[in-house]
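Trainee: below is the sequence, then the predicted model.
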Amino acid sequence: MAISATLLGTAATTSVALANPAAARAAATAPTATPAPLPTAPVENLIVGYKSGATESRSNTDAAADAKAKGSKAGEDVSFERRLGTGAALVDLGGKLAPQDVADVMAQFRADPDVAYVEPDGRAYAMATPNDTEYTKQWDLFEATAGMNVPAAWDTTTGSGVTVAVIDTGYVAHSDLASNVVAGYDFITSSTAARDGNGRDNNPADAGDWSAAGECGTGSKASDSSWHGTHVAGTIAAATNNGKGVAGIAYGAKIQPVRVLGKCGGATSDIVDAITWASGGTVAGVPANPTPAKVINMSLGGSGACTTTYQNAINAAVNRGTTVVVAAGNSNADASGFSPASCNNVINVASANRTGDRSFYSNYGSIIDIAAPGGETRRATDTPGTITTPENGIWSTLNAGATSPGTENYEPYQGTSMAAPHIAGLAALLKSANTALTPAQIESAIKTNARPLAGTCTGGCGAGLADAAKTVAAVSGGTTPGGSTFSNTADVNIPDNGGAVSSSISVTGLTGNAPATLKVAVDIKHTYRGDLVVDLVGPNGTVKRLQNSSSDGTDNLITTFTVDASAIPANGTWQLRVQDVASVDTGYIDSWSLTF
């Protein structure tokens, strides 16, 4: 699992999605062409998920007693800290324990049949024709070769009515963003990491994430403050047609800064609570979010496959109707080894450069959903830490302060951190253009309407390069994403360990066979989705297996499958057939759709 999460684009601790900062800070922050080892982050807390039948899953008193007892058996002073927004318990190990001592405590929890999972509380690190004066530098919005074709989408929508949560380093005041910022929250529990003198509060101001050499663990280098969240926010929704600065992709939308990354990155426990709160969920001790976000951007990550902790928070956010966009990572490696990029129910974004090739640093692989402009402020063969091609970076709002906030400015960054907000901005445009769209439909629309990369992507960049204008056109005016879509929203109960049930869709008005890339979006509410066997049955009786049963213990199956249905007639009655093949857990088909 990930032991740390970081900005994916600018900080010295960057490993997944940060971009290059300007030349003044380049030496400390530029990502390398090969993976760099993360600092060794000590584990101070554990996240414990109890099974639903355990009293510890409901009672903080029982959870506290359990933590104390298990710690005592391991010879450590362990205590219950708080309940996370996902319902899991945060357990304080009483200090920075040695790896073997942490393993001993975890072993006690794992031996308890009432414990569903136990994970270290890891850390994440930041991964970075209007009349705006810097607009001509924004090739990523309008150039034909590798731009995202954004201006043509503005004739239809600018993102009005949509809030985008930027879960990142917070927000440093910038006049080109101020009018589009709504109230956020600071979820950094540690006052030391926050650098603002306190823990969680309602002020998401970025106090700086600079650090001294060795301060963030063995091998960590000194780094200046990145102001990463502000750069990400500007790409999404900088004020536009205001005669200054840069243009935002969804400049009619609002930005909600949610601070989770400070000195030495951010804790998983803080990040998952931020995901919960931003999407409208409840977090103990934190006031309700008055403006829940319909889109979340996370340009952050760490090494390791997706954890149950991350997945539960993401699933719950998607169930609330929030689209979650994440950066693939900057290690020139398979994204399946990074989190939260490898989680289900997210839009995982790789980076493309100005010539339409995969950026040399960008992660890749079969789990990538889409590519977007992330830029290259240097070439793979250049000396790390240099900025040789600023014109090929992603320009956005920033700050000139090396440690604490200074003068506002604009700088080019590179990174999948910069690619992800392009997709978050596009998701906001889509939600504004068609408010009925679900997260699964938004993802499907973006992927279905992508165009091939002008260059190459060794390793895989998903559906290709996102095209804003084409995607917005596909969903506007009540039309459906990517072509003709047919849906069934009637609930169908799935009997526990019983026979198969079906939900039907009647398709008419089409010609010939279905496409080789038929999109099957399913929303199945179920407390243990690994129990489910799911099939698509075509009008001619052809059966396409969508999912076999597995040991996947997470809840709910909310995703979009791509099926080669080219040998099946398009018109006729299609069926989604679902069977629960194990006992105890229950659920129902909430809705499903076919997009031709």
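Mentor: Sure thing, it's come through. The shown structure was predicted, so the numbers you read here are calculated from the model rather than taken from an experiment. Residues are numbered from 1 along each chain as shown.

Trainee: hey, where'd the strands end up in the stretch 401-550 of the chain?
Mentor: Using DSSP state E, counting those that start in this stretch, the strands of the stretch 401-550 of the chain run over residues 408-413, 485-488, 492-494, 501-507, 518-526, 532-537, 543-547.

Trainee: okay, those strands in a markdown table with mean pLDDT, distance to F142 and mean neighbour count next?
Mentor: No exception for glycine: its C-beta is placed from N, CA and C like everyone else's. Formatted as a markdown table, the entries for those read as follows, by pLDDT from 0 to 100; distance: least, CB to CB, whole Å; neighbours: other CB atoms under 10 Å:
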| stretch | mean pLDDT | distance to F142 | mean neighbour count |
| --- | --- | --- | --- |
| strand 408-413 | 96 | 16 | 24 |
| strand 485-488 | 83 | 29 | 18 |
| strand 492-494 | 92 | 46 | 16 |
| strand 501-507 | 91 | 38 | 16 |
| strand 518-526 | 89 | 28 | 22 |
| strand 532-537 | 95 | 39 | 20 |
| strand 543-547 | 94 | 39 | 15 |
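
Trainee: reformat those strands as TSV; add distance to A402.
Mentor: As requested, the strands of the stretch 401-550 of the chain are exported to TSV (distance: least, CB to CB, whole Å):
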stretch	distance to A402
strand 408-413	12
strand 485-488	51
strand 492-494	57
strand 501-507	58
strand 518-526	47
strand 532-537	53
strand 543-547	51
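
Trainee: closest to G234 out of those?
Mentor: Among these, the nearest to G234 by CB to CB is strand 408-413 (8.0 Å).

Trainee: related to what we said a few turns ago, out of the strands of the stretch 401-550 of the chain, which is closest to N60?
Mentor: Closest among the strands of the stretch 401-550 of the chain, using CB to CB: strand 518-526, at 26.9 Å.

Trainee: counting by contacts, list what that closest one packs against.
Mentor: Helices and strands touching strand 518-526, by 3 or more CB pairs under 8 Å, 6 or more residues apart in numbering; DSSP states H and E, are helix 439-448, strand 532-537, strand 557-563, strand 572-580, strand 587-595.

Trainee: out of these, indicate the one that is most buried.
Mentor: Most buried of the helices and strands packed on strand 518-526, by mean neighbour count (mean count of other CB atoms under 10 Å): helix 439-448, with a mean of 26.

Trainee: and the angle from that one to strand 518-526?
Mentor: Angle between the axes of helix 439-448 and strand 518-526 is 160 degrees (criterion: axes from the mean of the first three to the mean of the last three CA atoms, to 10 degrees).

Trainee: who's in contact with helix 439-448?
Mentor: If you take CB atoms under 8 Å, 6 or more residues apart in numbering as the criterion, helix 439-448 is touched by 318, 321-324, 345, 347, 369-370, 423, 426-427, 430-431, 437, 462-463, 466, 471, 474-475, 480-483, 485, 517, 519, 521-523, 558-560, 593, 595.

Trainee: just want the angle from it to strand 587-595.
Mentor: Using the same axes, to 10 degrees: helix 439-448 against strand 587-595 is 30 degrees.

Trainee: residue boundaries of the strands in the stretch 151-300 of the chain?
Mentor: Going by DSSP E, counting those that start in this stretch, the stretch 151-300 of the chain shows strands at 163-168, 185-186, 254-259, 266-267, 295-298, 300-303.
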